[in-house]
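Undergrad: turn this into a structure:
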Amino acid sequence: DFPDVYASVGATAQFGYESNYDRDTMKKFFAERGGDPDRGGKKDPLDALLWRAAREGEPSWESPFGAGRPGWHVECSAIATNRLGSSFLIQGGGSDLKFPHHEYSAAHAEAGHGVDRMAQFYVHAGMIGLEGTKMSKSLGNGIDPMDWVRDYGADALRFTLARGANPGTDLPLGSDAAASARNFATKLFNATKFALMNGAGIDTLPNRDELTDADRWILDRAEDVRVRVDAYLDDYQFARANELLYHFAWDELCDWYLEIAKTQIPRDGESVTGRNTQIVLGRVLDVVLRLLHPTMPFVTEVLWQALTDGQQAESIMIAPWPTAADTNGGATADEVALRRIEDSEKLITELRRFRADQGVKPSQKVPGRLDFAAVDLGNQEDLVRNLANITAPEADFTASASIEVRLSQGTVEVSLDTSDAIDVEAERKRLEKDLAKAEKELQQTGAKLGNEAFLSKAPDHVVAKIRERQTIAQEEVERINTRLEALK
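TA: I've put the predicted structure just below:
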């Protein structure tokens, strides 16, 4: 009556390896679920369904076992073999399905491919809601992936899952993560658009001596990232690989090198420096897109085709995986260039912050005096002045504000003349309004921290957060008072 066919995969040497269960525990698992050892040739509770006899309403095929269909795990193995070839050596699954699903998949692979066990088995984390509850159909708290594909894109969904796949921890999923991934895809699109509009392309890497410090820096950083991404992927640390690519592409390539490229590529005409920058930008963007392709296949395909103009390969899918030849050509990393660019970034960041504190608009240029050579940034002067909107001082320069910035080669003093850059009265009113808000925050946090009844009941993390707010408010009050005193 039950001509199902079973395979004795439970007898394989590694059965129980993934779940760390012994045979008695696994047999008890099936016994408690009403398993019948004698059903349709099943001699052992651990025997796995090889062929399921035809049932009404189910698709079926003819076979030596009669009409029916493969057992679920056999079907999965057959599909994988058909799609990936007989040499596939990795299978993945959720940590909550180690037994029986993973164990039977590994056992079928062992029986079908003649190996001791699956060469690699990737167990990913479970999905939970932001409130910490496991997603399930019964609770109704799951996310329909097609909704995310519609709202954020398929690549954003894939990148969110891959970036959050930290081993040993469940993955909390919310729309903010998907929106962040979508924004990242947009960032890549805008970076590629900028590169193409500014003549970037893939060409032979110029001699290192012809490159600027910024060019050598981004090529060396790309090589470091490539090596680390390879190591992470080899170890199945997908979260770390994608997190690294995210921050390199956004924080270093887009936020800094694209801005630097604007100062190195001439608006009119051509120059050796400009052409080299176009090549470096094209090559680094090419490497980033190829490294991201496994996680973001659709966006990277379109952008890579536009960047390469279809000259490199028919598809990014069959383009070679990046090597050192694609980044810095295998050269030793230039530590001096790295130091200079990091110092330049810090100096620009501090100057931007100081300008904002002084009430200077980001787009407004102000004259400034500083000794670039004293901190080994002589070749970076144009870069710093352009990105910080600081012009060279004229003969009648008079400093109205100054700041000291500690860099790796010493402390540099920057003097600025902001006298013509701000409306003193308007700036004073703005600061007084900000001061009132900071003083109110300081008073409110002080009242809470002075309330013993509140402190005795509030959780430690809540109290710590209020103390942090109080510290920030105190610092703001001091900063604004200092600024108001300077405007008198």
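Undergrad: ok, now how distant is Gly66 from Ser60?
TA: 9 Å (C-beta to C-beta, to the nearest Å). C-betas here are computed from N, CA, C, even on glycine.
Undergrad: overlap of the contact sets of these two?
TA: Counting by C-beta atoms under 8 Å, 6 or more residues apart in numbering, the common neighbours of Gly66 and Ser60 are Ala54.
Undergrad: residue ranges with poor pLDDT in this protein?
TA: Counting by pLDDT under 70, the low-confidence segments of the chain come to 1-3, 7, 9-14, 17-18, 30-43, 72-121, 125, 130-131, 168, 423.
Undergrad: so who does Ser63 touch?
TA: Contact criterion C-beta under 8 Å, 6+ apart gives Trp51 as the residues in contact with Ser63.
Undergrad: Leu49: how many residues sit nearby?
TA: Per other C-beta atoms under 10 Å, the neighbour tally for Leu49 reads 18.
Undergrad: mind checking the SS state of it?
TA: When states are read from DSSP: H, G, I helix; E, B strand; the rest coil, the local structure at Leu49 comes out as strand.
Undergrad: so for stretch 313-323, what gets flagged as buried?
TA: Buried residues in stretch 313-323, counting neighbours by 16 or more other C-beta atoms under 10 Å, are found at 316, 319, 322.
Undergrad: Ile143 versus Ser136, what's the distance?
TA: Taking C-beta to C-beta as the measure, Ser136 and Ile143 are separated by 12 Å.
Undergrad: again with Val123
TA: With the distance defined as C-beta to C-beta, Val123 ends up 21 Å from Ile143.
Undergrad: one more: Trp61?
TA: If you measure Trp61 against Ile143 using C-beta to C-beta, the figure is 35 Å.
Undergrad: more neighbours: which of those two?
TA: Ile143 (15 against 10).
Undergrad: for the more buried one, helix, strand, or coil?
TA: Under three-state DSSP, Ile143 falls in the coil class.
Undergrad: contacts only, for Asn451.
TA: Asn451 is in contact with no residue at all, counting by C-beta under 8 Å, 6+ apart.
Undergrad: neighbours of Leu188, how many?
TA: If we define neighbours as other C-beta under 10 Å, then Leu188 has 24 of them.
Undergrad: just Ala331 next, same as before
TA: With neighbours defined by other C-beta under 10 Å, the count for Ala331 comes to 14.
Undergrad: relative to Glu223, how far out is it?
TA: Relative to Glu223, Ala331 is positioned 8 Å away (criterion: C-beta to C-beta).
Undergrad: again with Glu439
TA: From Glu439 over to Glu223 (counting by C-beta to C-beta), the distance is 51 Å.
Undergrad: between these two, who's got more neighbours?
TA: Remark: of Glu439 and Glu223, Glu223 carries more neighbours, 22 against 16, as counted by other C-beta under 10 Å.
Undergrad: wasn't that one part of a strand?
TA: No. Read with three-state DSSP, Glu223 is helix and lies in no strand.
Undergrad: dump the residue contacts of it.
TA: Residues near Glu223 by C-beta under 8 Å, 6+ apart: 324, 327-328, 333.
Undergrad: again, 10 Å this time
TA: Residues near Glu223 by C-beta atoms under 10 Å, 6 or more residues apart in numbering: 284, 287, 322-324, 326-331, 333.
Undergrad: can you check Ser271 too?
TA: Counting by C-beta under 10 Å, 6+ apart, the residues that Ser271 touches are 264-265, 277.
Undergrad: any idea where the helices of the stretch 201-350 of the chain begin and end?
TA: Residue ranges of the helices in the stretch 201-350 of the chain, as given by DSSP state H, counting those that start in this stretch, are 213-234, 238-247, 258-264, 272-292, 297-308, 335-357.
Undergrad: looking at these, which is buried most?
TA: Stretch with highest mean neighbour count among the helices of the stretch 201-350 of the chain: helix 272-292 (a mean of 23; mean count of other C-beta atoms under 10 Å).
Undergrad: tell me how far that one is from the chain's mean position?
TA: A distance of 20 Å separates the C-alpha centroid of helix 272-292 from that of its chain, computed with C-alpha atoms, centre = their mean, to the nearest Å.
Undergrad: what's the answer for stretch 183-191, then?
TA: Shown here is stretch 183-191, whose average C-alpha point lies 13 Å from the average C-alpha point of the whole chain (C-alpha atoms, centre = their mean).
Undergrad: may I see the buried residues of that stretch?
TA: Neighbour counts using 16+ other C-beta under 10 Å place 184-185, 187-188, 191 of stretch 183-191 among the buried residues.
Undergrad: okay, and which of these map to helices?
TA: The helices in this structure, assigned by DSSP state H, contain 184-185, 187-188, 191 from those.
Undergrad: nearest to Glu476, of those?
TA: Top of the list for closeness to Glu476, among those and by C-beta to C-beta, is Lys187 at 31.2 Å.
Undergrad: shouldn't the closest one be in contact with Leu253?
TA: Yes. Counting by C-beta atoms under 10 Å, Leu253 is a contact partner of Lys187 at 9.4 Å.
Undergrad: please work out how many residues are found near Ala324.
TA: Burial of Ala324, expressed as a neighbour count using other C-beta under 10 Å, amounts to 13.
Undergrad: now it, nearest residue through space, not along the chain?
TA: The spatial neighbour of Ala324 that comes closest, neighbours along the chain excluded (C-beta to C-beta, 6 or more residues apart in numbering), is Gly330 at 4.3 Å.
Undergrad: wait, that neighbour sits on Thr323?
TA: Yes. The pair Gly330 / Thr323 is scored as a contact, 8.5 Å apart, by C-beta under 10 Å.
Undergrad: kindly reformat the ones in helices among the buried residues of stretch 183-191 as a markdown table containing distance to Gly71.
TA: Shown next, in a markdown table, are these (distance: C-beta to C-beta, whole Å):
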| residue | distance to Gly71 |
| --- | --- |
| Phe184 | 41 |
| Ala185 | 40 |
| Lys187 | 46 |
| Leu188 | 43 |
| Ala191 | 48 |
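Undergrad: what's the closest of the residues you listed to Arg353?
TA: For those, the closest approach to Arg353 (C-beta to C-beta) belongs to Lys187, at 23.1 Å.
Undergrad: circling back: residues shared between the contacts of Ser136 and Ile143?
TA: 127, 129.
Undergrad: quick one on the thing from earlier: need the residues touching each of Ala331 and Glu223.
TA: Common neighbours of Ala331 and Glu223, counting by C-beta under 10 Å, 6+ apart, are Ala324.
Undergrad: quick one: contacts for Asp166?
TA: Wrong residue type there; residue 166 is Asn, not Asp. Each residue near Asn166 by C-beta under 10 Å, 6+ apart is listed here: 124-125, 237-240, 243.
Undergrad: mind putting the residues you listed into a markdown table with distance to Leu338?
TA: Written out in a markdown table, the entries for these read as follows (distance: C-beta to C-beta, whole Å):
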| residue | distance to Leu338 |
| --- | --- |
| His124 | 36 |
| Ala125 | 35 |
| Gln237 | 25 |
| Phe238 | 28 |
| Ala239 | 26 |
| Arg240 | 22 |
| Glu243 | 21 |
